[in-house]
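> Sequence and computational prediction follow.
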Amino acid sequence: MSGKNKRFTVTAALPYANGPIHIGHLAGVYIPADIFSRYQRLINNDVAFICGSDEHGVAISLQARKESITPKELIDRYDKLIRDSFEKFGISFDNYSRTSREIHHKNSIELFNELNEKDLFSSKTTKQYYDTEAEQFLADRYIIGTCPICDAENAYGDQCENCGSTLSTDELKNPKSTISNSKPILKDTKHWYINLNEFEDFIKDWITKEHKDDWKPNVTGQVKSWLDNGLKSRAVTRDLDWGIPINVEGEEGKVLYVWFEAPIGYISSTKEWAEKNKKDWSKYWKDENTKLVHFIGKDNIVFHCIIFPIILKMLGDYILPFNVPANEFLNLEGRKISTSRNWAVWLHEYLEDFPNMQDVLRYVLTVNAPETKDNDFTWKEFQMRNNSELVAIYGNFVNRVLTLIIKYYNGIVPNPDSLDNSNKKIIEQAKGFPKSIGKSLDEFKFREAIKSLVNLARIGNKYLADSEPWKLQKSNPEKVKEILYVGYIIICYLTILSEPFLPNTAKKLKSQLNLEEIKNWNDLDSLNTKIDFSSNIESKEVLFRKIEDDEIIRQIEKLKKMSNQ
RNA sequence: CGCGAGGUGGAGAAGUGGUAUCUCGUUGGGCUCAUAACCCAAAGGUCGCAGGUUCGAGUCCUGCUCUCGCUACCA
């Protein structure tokens, strides 16, 4: 909380630009990353919060083909949509880039070449299926044939959905290209590989020993599972036309495999940001005092805890992640969120249905975040959390205090000469919150942190009920001044401590209460000098409105109607 | 199959050896400043099942069972 500034490089998983963003993405990655980054800034730490659209890979070229548009048109569309959703939800990236930008192409190729020149890759020539009509090599998913095990038709190149067997493409009988329906031929192709197996001991020591206790058990457990199965070498190149060309002589038509270049996108995005802001990017990636934190979903653990760290290790002078607080998954109304079945709450639709209520969704997704296990988002819970926690506890408390201050003092905050012991005690209690919430956030316990915040409002409500200023106003008006001063102090704490979680609410409150001068949590120590005791609070805006049953019913119906199942 | 994570009062979650905690919901009471909100109290759990270790286990060990993930273009 105090002392020297620390430096953080915070990354959030690059969203894949072939679809919009839904609540699962927000809950699992972007909200925690945003809370963490905002918090670090508020305690005067140096933060680079980095992200960008992931715009390469087969999935994008295939979908573009399906829609008869170019991949570029597709990624432009979704990059815009995603960017817009993040902005409206207040995800405070310092830089949001795109992997299709030149700076990333250049950066990825430089790093690829660096490793290639150091001879850290191995290369192999293998035979792969090639579609002579479409003139391209075929990814496993684009080959169908007869399953060699159960003889089902239409088994994919990597798996038979009928019997569940994992296959390799050369086992398939009667292989057929799904692109042209022609029979593919086997053709030689050369690829570069990272020998992950050479780094098994490094990963084992680093994660399962060094970080045994400070990383989440689901993360270390997953890593251990990969290690136990043995790491295998993985190709870093692919035969594709959509991606970053490797430009090696005699090897035309090869691009970097997305999993290799996407995490490098974090570095590229940092470089882009540093150029714009005249900063030294290398401090954020090469200074060992910098703490690198990757926010991801659990499906990405292997890339961020094994593969990318190995790449960083191979490069040599880069820092390794300080922590990778991966979250589990969020379900929706008891079912897995599914893009293809349209079982999701899309952010751009939420923004239309619940205008100016971003903080409500941020709150619900934080308080019920899938931190330790998969969780369920239901519209009913969304309503309940809003109505009984944000409206009844938080909003109501603020409203109660301000109403009384306006009523009794014309909106001028009372400034009593002294406080009695019980009042001092309440203030002391409030003063403990920055520390305890900060501790929770340092440990990536976002649910615990936001629950503390609401508890502060609970303390406020209880304080009012116990001290009953509306009864004392006639008999002991001096005491009432104390009480409402204390109530006001609690609101100030609430306001400032809300900033990482509920930025829009905090902003509203700050301007309403003339607290704009308070820029970080250390200022709370000298709160009394920052409070405006002269001008009066005029309006009291309702912070959170109640959500009615019919709004919720409409959402549930919409979900069922729109989903194709 | 294997590996990983999880299974705690009606719902959602804390809790890693010592009288089972919190929020919501329910019931009763109080208050009336407040967005029919707030405050207090009570009821409600043999902590997935079965063994074991221990003076003592939700917490450690073994076996079993269920859910999710690793295993689709969904973080």
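Noted; the coordinates are in hand. Numbering: from 1, shown residues only, chains lettered A, B, ... in the order given.
> Tell me, domain by domain, which residues of chain A belong where.
Domains of chain A are assigned by automatic domain parsing as A:7-111+A:261-347, A:118-254, A:379-530.
> worst average pLDDT in the ones you listed?
Out of the domains of chain A, domain A:118-254 stands lowest, with a mean of 78 (criterion: mean pLDDT).
> can you give me the end-to-end distance of that domain?
20 Å (CA to CA, to the nearest Å).
> Distance from it to the middle of the chain?
From the chain centre to the centre of domain A:118-254 is a distance of 27 Å (CA atoms, centre = their mean, to the nearest Å).
> Can you tell me how far A:Lys474 is from A:Val480?
9 Å (CB to CB, to the nearest Å). (Each C-beta comes from the backbone N, C-alpha and C, glycine too.)
> I meant A:Glu133, not that one.
Distance of A:Glu133 to A:Val480, given as CB to CB: 85 Å.
> Up against RNA strand B, what does the stretch 451-565 of chain A have?
Listed as neighbours of RNA strand B in the stretch 451-565 of chain A under the rule CB under 7 Å from any atom of the strand: A:451, A:458, A:461-462, A:464-466, A:468, A:470-471, A:542-546.
> Give the buried residues for the host helix or strand of A:His104.
Using DSSP states H and E, A:His104 sits within helix A:102-117. Neighbour counts over helix A:102-117 (16 or more other CB atoms under 10 Å) mark A:103-105, A:107-109, A:111-112, A:115-116 as buried.
> Next up, the contacts around the single nearest residue of chain A relative to RNA strand B.
Closest to RNA strand B within chain A is A:Gly297: 1.3 Å, counting by CB to the nearest atom of the strand. By CB atoms under 8 Å, 6 or more residues apart in numbering, the residues touching A:Gly297 are A:13, A:24-25, A:28-29, A:326-329.
> okay, the domains of chain A, which one's buried deepest?
Greatest average neighbour count among the domains of chain A goes to domain A:7-111+A:261-347 (a mean of 20), per mean count of other CB atoms under 10 Å.
> That one: how far from the chain's middle?
8 Å.
> Next, the distance between the ends of that domain.
End-to-end distance of domain A:7-111+A:261-347 (CA to CA): 31 Å.
> Equivalent analysis for stretch A:514-525, please.
Span of stretch A:514-525 from end to end, CA to CA: 17 Å.
> who touches that stretch?
A:1-2, A:41-44, A:431, A:434, A:438, A:492-493, A:495-497, A:509-510, A:527, A:530-532, A:535.
> go with 6 Å
A:42-44, A:434, A:495-496, A:510, A:530, A:532 (CB atoms under 6 Å, 6 or more residues apart in numbering).
> Same question for stretch A:393-408.
Under CB under 6 Å, 6+ apart, the answer for stretch A:393-408 is A:454, A:457-458, A:460-461, A:464, A:484, A:487, A:491, A:540, A:543-544.
> what about the helices in the stretch 451-565 of chain A?
Using DSSP state H, counting those that start in this stretch, the helices of the stretch 451-565 of chain A run over A:469-475, A:477-498, A:503-512, A:527-530, A:549-562.
> Now do the second one against helix A:503-512, angle only.
Inter-element angle recorded for helix A:477-498 and helix A:503-512: 140 degrees (by axes from the mean of the first three to the mean of the last three CA atoms, to 10 degrees).
> chain center to helix A:477-498: distance?
Centre-to-centre, helix A:477-498 and its host chain are 34 Å apart (CA atoms, centre = their mean).
> what's next to it, contact-wise?
Here helix A:477-498 makes contact (CB under 6 Å, 6+ apart) with A:398, A:401, A:404-405, A:413-414, A:416, A:419, A:423, A:426-427, A:430, A:433, A:437, A:453, A:456, A:460, A:467, A:469, A:472-473, A:505-506, A:509-510, A:515, A:518, A:524, A:527.
> what's the distance between A:Phe303 and A:Val367?
Distance from A:Phe303 to A:Val367, counting by CB to CB: 28 Å.
> A:Lys187 and A:Tyr129 touch, don't they?
No - using CB atoms under 6 Å, A:Lys187 is not in contact with A:Tyr129, being 7.7 Å away.
> who's in contact with A:Asn44?
Listed by CB under 6 Å, 6+ apart, the contact set of A:Asn44 reads A:5, A:520.
> If you could redo that for A:Asn410, that was the one I meant.
A:Asn410 touches A:Asn536, counting by CB under 6 Å, 6+ apart.
> Let me know the secondary structure of the residue nearest to A:Asp94 when sequence neighbours are not counted.
In space, and not counting its chain neighbours, A:Asp94 is closest to A:Phe49: 4.7 Å by CB to CB, 6 or more residues apart in numbering. State at A:Phe49, reduced to three classes by DSSP: H, G, I helix; E, B strand; the rest coil: strand.
> Quick check: beta-bridge partners of A:Phe49?
Note on A:Phe49: beta-bridge partners A:Val10, judged by DSSP bridges.
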